[in-house]
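> Sharing a model prediction with you, sequence too.
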Amino acid sequence: MRVSVVLLLLCLSSVHLYRAVDQPVVGDEQTEFTQSQIEELKKQDRGLEGSVDSTELSAEEPGEENSRRRKVAFSYASGLNGNFGPHSSDITVVFRKKITDVGKAFSPVTGVFTAPLRGVYYFRFNLLGHSSSHRLATCLYKNHEKILDVTKYPRGKYTYAVGGATLLLQKGDHVYVVLRQQSQVYDNSDNHCTFSGFLLFPM
């Protein structure tokens, strides 16, 4: 009987000890562990804020390649030494003599400017005529749309046809100068006939 009581007491003591060891500690050690976790989370949060700032900065400041792509400006003279025209139909004026060409968007072979990106551009042309029998009539075209027409009638002396326009272009749009039928222009090494344009700002 005494042996049974002793064994029973030993079993109860073991159960009590097991429960005491198994219970979670709520003292200073657990508080310190939680505090260190908070500090680690704060460090990670500061790191994330830095990476977000860096991403925003790179989005606001375009890289060198992007900046170079946005620079578009050209100015070409006709390269003629004498008269051009008259012709029986309208004809694109090809400006072959390079003065400035940033962005390589103008073709001196076709006389056509091709927009490299969507944006607002400015264009200007000067054409000289000095015929006493042929008018000087020229147009600025965007794709197949006539933007403006400048016509000077023969007076037997030098006269200029000058025009310019600000255009919103989509990437791939074409801009060029057309000499109308029965018109004539004149140029020499002084570059009286020119076509110029540049990107004001991208859209």
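Received the coordinates, thanks.

> so residue 100 touches residue 71, yeah?
No - here residue 100 does not reach residue 71: they are 11.4 Å apart, not a contact under CB atoms under 8 Å. C-beta coordinates here come from the backbone N, C-alpha and C atoms, glycine included.

> Low-confidence regions, the protein specifically.
Along the chain, the model assigns pLDDT under 70 to residues 1-69, 156.

> And it, what are its domain boundaries?
Domain ranges of the chain: 2-60, 72-202, per automatic domain parsing.

> which residues of this protein fall in helices?
Using DSSP state H, the helices of the chain run over residues 2-22, 28-60, 64-69.

> Leaving out sequence neighbours, find the closest residue to residue 108.
Nearest residue to residue 108 in three dimensions, chain neighbours excluded: residue 96, at 4.7 Å (CB to CB, 6 or more residues apart in numbering).

> ok, now residue 163?
Closest residue to residue 163 apart from its sequence neighbours, by CB to CB, 6+ apart: residue 150 at 4.6 Å.

> Report the contact partners of residue 158.
By CB atoms under 8 Å, 6 or more residues apart in numbering, residue 158 lies in contact with 128-130, 186.

> give me that answer again for 10 Å
Applying CB atoms under 10 Å, 6 or more residues apart in numbering, we find residue 158 in contact with 128-131, 136, 186, 192.

> my guess is the residue nearest to residue 163 contacts residue 165, does it?
No - the pair residue 150 / residue 165 is not scored as a contact, 11.0 Å apart, by CB atoms under 10 Å.

> from the contacts of residue 158, which is closest to residue 170?
residue 136 (31.1 Å; CB to CB).

> Does the closest one have any beta-bridge partners, and if so which?
Legend: beta-bridge partners of residue 136 under DSSP bridges are residue 152.

> No further questions, thank you.
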